[in-house]
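Q: Return a 3D structure for these sequence lines:
(chains A and B)
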Amino acid sequence: MLTKLVKHEFISTWKVPVALDATLLVLGLMAHIGIRTLPYIKDSIGFLVIMFLFAGVYYMGIIAANIVTMVFLVMRYYKNLYTAEGYLTFTLPVSTNSIINAKVITGYVWALLSLVSTLMSILIALSGLLGMADIPYEELSEAADEFLSVFGAGSSVIIAIVLLGLVSSLYNVLCLYVSVTVGQLWEKHKILGAVLSYVAIYVLNLIVSQIAMITSGFYNFMNDNLDAVFSTMYTGMLYRTTIISGILAVVFYVACIMITKKKVNLD
Amino acid sequence: MSSLLSVRNLTKKYNYFPALSNISFDLESGRIVGLLGPNGSGKTTLIKTICGLLQPEEGGVLVMGNPVGVESKKVISYLPDSTYLGTGMTVREIINYFKDFYADFDEARAYDMLAKLGINASTRLKTMSKGTKEKVQLILVMSRRARLYILDEPIAGVDPAARDYILNTIISNYDRESSILISTHLISDVENILDDVIFLKEGHIVRFSSVDEIRGVEGKSIDGLFREVFRC
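A: Next up is the predicted model:
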């Protein structure tokens, strides 16, 4: 039954995330063309105006596409479970676990695709710098090497970043879902309850993150230990953030299942 | 032999206010039972609790011996009192959805009923009138070969001609081994199809009788008795 739920969930949801991901790629392409055009603009003021315009539109576009994807996912979760549509969802002959699992799986896939599309979009945009007459390839290569030497170019950093991306996408989806689920415990103003739950979880996460930063010695490094290898600290911080996000994601998932099983009340 | 539906000591509260108070009754196979009561008497709360959409504070429900869960949902076909289908879907997509999840869904019966009503399966729900949407929902619910049909206000908000169609659809499509629990306050429209009635008042069952008993022994119509019991 989980397979069927997931299938129908993808059928019902694919249009919006795919359109947004395609938009991200188109924005990347437009930024690429924009960057390529810059050397041909001789007027310095015009150059600056167009550069800021491109950067602003591109930045806002990326942020908006990612936010809209998450808003779409959370609205789908709310509507499909806690409005009249829930009368059908919760009377299907499937377990509550399967219902939540199907939502988490599809939400996670769309969140990951959004992340991948964002990264691809940035790569497409930055690839506009390659081969530009004014910026030799060697200079770009040197800049990249310098950047990687600071943040660590080893495979451990790359693995840490990939793991963080995988886990934080799941965390983001479950954070939204658990907020909606907790909001349903309110007798009235359930949407307000969901928003306040999200804010509370966000603040809690900030506190936990700060505690992790302090215990990891990150601030000591910032103040006293300037000679330490930044990449080592950076990698450690990435792993800690990943572990905390992973633990919170599991807590959110269990909370979603338990609350939905024990407390679902579709008035 | 266990009952088709067994409700035991069911209590459901909203903000400490009891919507259902210690309700108990059994429902056997092959009966059409009217769940009757004025607005706010607890009809929808009782139905939603049986369907697993509300969690009771006390008591429980057994459907063919199973508590509310996957097994009970396999045999209950539920029609809520509002539009519950994704409006962006076409009728065909919704039929495929039902076919995927309900082993007892009779696709041919659904398409047959749609054809009789002249409803195009390619039409999206959001382009349909409220009455047509309600007919589509009823077709889907009655196209299942379920053991227990639970219909919440199936004729409220539709014109008298549509009411006749809906009642006729209910009568002609349910299996005689199955039972129907039908909630309404439009008693005169449904009383001719009922075998039993449950009168619900302020969360309590005040009467559970067969229609024959009310008519034969007391010489009253269901509508007449309802007006007597629920006189303001």
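Q: what about the host helix or strand of A:I257, average pLDDT?
A: Here A:I257, judged by DSSP states H and E, is contained in helix A:230-263. Throughout helix A:230-263, pLDDT has a mean value of 85.
Q: same question, stretch B:51-65
A: Here the average pLDDT along stretch B:51-65 is 92.
Q: for the helix holding A:I257, packing partners?
A: helix A:96-126, helix A:137-151, helix A:155-183, helix A:190-215, helix A:218-223 (3 or more Cβ pairs under 8 Å, 6 or more residues apart in numbering or on different chains; DSSP states H and E). Every residue, glycine included, has its C-beta placed from N, CA and C.
Q: Ok, which of those helices comes nearest B:L36?
A: helix A:190-215 (30.8 Å; Cβ to Cβ).
Q: The residue nearest to B:E107 when sequence neighbours are not counted and chain A, how far apart?
A: Nearest residue to B:E107 in three dimensions, chain neighbours excluded: B:K99, at 5.4 Å (Cβ to Cβ, 6 or more residues apart in numbering or on different chains). Relative to chain A, B:K99 is positioned 10 Å away (Cβ to the nearest Cβ, to the nearest Å).
Q: Would you verify that B:K99 is located in a strand?
A: No. Under DSSP: H, G, I helix; E, B strand; the rest coil, B:K99 falls outside any strand and is assigned helix.
Q: To what extent is residue 77 buried, counted in neighbours?
A: No chain was given, so I picked chain A. 23 (other Cβ atoms under 10 Å in any protein chain shown).
Q: was after chain B, sorry
A: Neighbours around B:S77, by other Cβ under 10 Å: 25.
Q: Please identify which helix or strand holds it.
A: For B:S77, the element it lies in under DSSP H and E is strand B:76-79.
Q: mind listing what B:V7 touches?
A: Contact partners of B:V7, counting by Cβ atoms under 8 Å, 6 or more residues apart in numbering or on different chains, are B:23-26, B:46, B:50, B:59, B:61.
Q: Buried members of these into PyMOL, please.
A: Per 16 or more other Cβ atoms under 10 Å in any protein chain shown, the buried members of the contacts of B:V7 correspond to this PyMOL selection:
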select buried, chain B and resi 23+25+46+50+59+61
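Q: Looking at the contacts of B:V7, which is nearest chain A?
A: Chain A has its nearest neighbour among the contacts of B:V7 in B:I50, at 10.3 Å by Cβ to the nearest Cβ.
Q: helix or strand for that closest one, which one?
A: helix B:43-51.
Q: Quick check: B:S21 is in a helix.
A: No. Applying three-state DSSP, one finds B:S21 to be strand, outside a helix.
Q: which other helices and strands contact the helix-or-strand element of chain B with minimal mean pLDDT?
A: Ranked by mean pLDDT, DSSP states H and E, the helix or strand of chain B with the weakest confidence is helix B:160-173, at a mean of 77. For helix B:160-173, the packing partners by 3+ Cβ pairs under 8 Å, 6+ apart come out as helix B:107-117, helix B:130-142, helix B:187-190.
Q: for the last one, what is the average pLDDT?
A: Regarding helix B:187-190, the rounded mean pLDDT is 82.
Q: picking that back up, please compute how far the least confident helix or strand of chain B lies from its chain's middle.
A: Centroid separation between helix B:160-173 and its chain, computed with Cα atoms, centre = their mean, to the nearest Å, is 14 Å.
Q: Can you point out the buried residues in that helix?
A: By neighbour count on 16+ other Cβ under 10 Å, the buried set for helix B:160-173 is B:162-163, B:165-167, B:169-170, B:173.
Q: what's the answer for stretch B:95-115, then?
A: So stretch B:95-115, judged by 16+ other Cβ under 10 Å, has buried residues B:95-98, B:100-102, B:105-106, B:110-111, B:113-114.
Q: Which residues of chain B lie near chain A?
A: Residues of chain B lying close to chain A (Cβ under 8 Å from any Cβ of the partner chain) are B:14-15, B:48, B:51-55, B:69-71, B:73-74, B:76, B:78, B:80, B:82-86, B:88-89, B:93, B:97, B:100-102.
Q: re earlier: what does the next helix or strand after the least confident helix or strand of chain B rub up against?
A: Heading C-terminal from helix B:160-173, the first helix or strand you meet, by DSSP H and E, is strand B:179-184. Strand B:179-184 is contacted from outside by B:4-5, B:27-36, B:43-44, B:47, B:50, B:81, B:147-156, B:170, B:174, B:190, B:194, using Cβ under 8 Å, 6+ apart.
Q: three-state assignment of the residue positioned nearest the centre of chain B?
A: Centroid-nearest residue in chain B, with Cα atoms, centre = their mean: B:L151, separated by 1.6 Å. With three-state DSSP as the basis, B:L151 sits in strand.
Q: Could you give the bridge partners of it?
A: Beta-bridge pairing for B:L151 (DSSP bridges): B:L79, B:I182.
Q: what about A:V199, neighbour count?
A: A count of nearby residues for A:V199, using other Cβ under 10 Å, gives 11.
Q: Among the buried residues of stretch B:95-115, which one lies nearest to A:T96?
A: Nearest to A:T96 out of the buried residues of stretch B:95-115 is B:F101 (Cβ to Cβ; 14.8 Å).
Q: Let me see the contact set for the residue nearest to B:V211 when sequence neighbours are not counted.
A: Computed as Cβ to Cβ, 6+ apart, the closest residue to B:V211 that is not its neighbour in sequence is B:L194, at 5.1 Å. Shown in contact with B:L194 (Cβ under 8 Å, 6+ apart): B:32-34, B:182, B:211, B:222.
Q: Mark which of the residues you listed are part of helices, please.
A: In this view, those that belong to helices under DSSP state H are B:211, B:222.
Q: can I get the contacts of B:L194 in a markdown table with pLDDT and neighbour count?
A: Shown next, in a markdown table, are these (pLDDT from 0 to 100; neighbours: other Cβ atoms under 10 Å in any protein chain shown):
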| residue | pLDDT | neighbour count |
| --- | --- | --- |
| B:I32 | 91 | 21 |
| B:V33 | 94 | 23 |
| B:G34 | 93 | 23 |
| B:I182 | 93 | 23 |
| B:V211 | 87 | 20 |
| B:I222 | 84 | 21 |
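Q: which regions of chain B lie under the pLDDT threshold?
A: B:1-2, B:157, B:232 (pLDDT under 70).
Q: An error on my part: the question was meant for the stretch 51-200 of chain A.
A: A:131-140, A:144, A:146-155.
Q: which bits of it sit near chain B?
A: So the stretch 51-200 of chain A meets chain B at A:80, A:84-88, A:90-95, A:187 (Cβ under 8 Å from any Cβ).
Q: And the residues you listed, which two are furthest apart?
A: The most widely separated members of those are A:P93 and A:E187, with 29.2 Å between them, by Cβ to Cβ.
Q: out of those two, which sits in the busier spot?
A: Taking neighbours as other Cβ under 10 Å, A:P93 and A:E187 compare with A:P93 leading, 17 against 10.
Q: Can you report phi and psi for the more buried one?
A: Main-chain torsions, A:P93, degrees, to the nearest 10: phi -80, psi 60.
Q: From what I see, it and B:F101 are in contact.
A: Yes. At 6.5 Å, A:P93 counts as touching B:F101 under the criterion of Cβ atoms under 8 Å.
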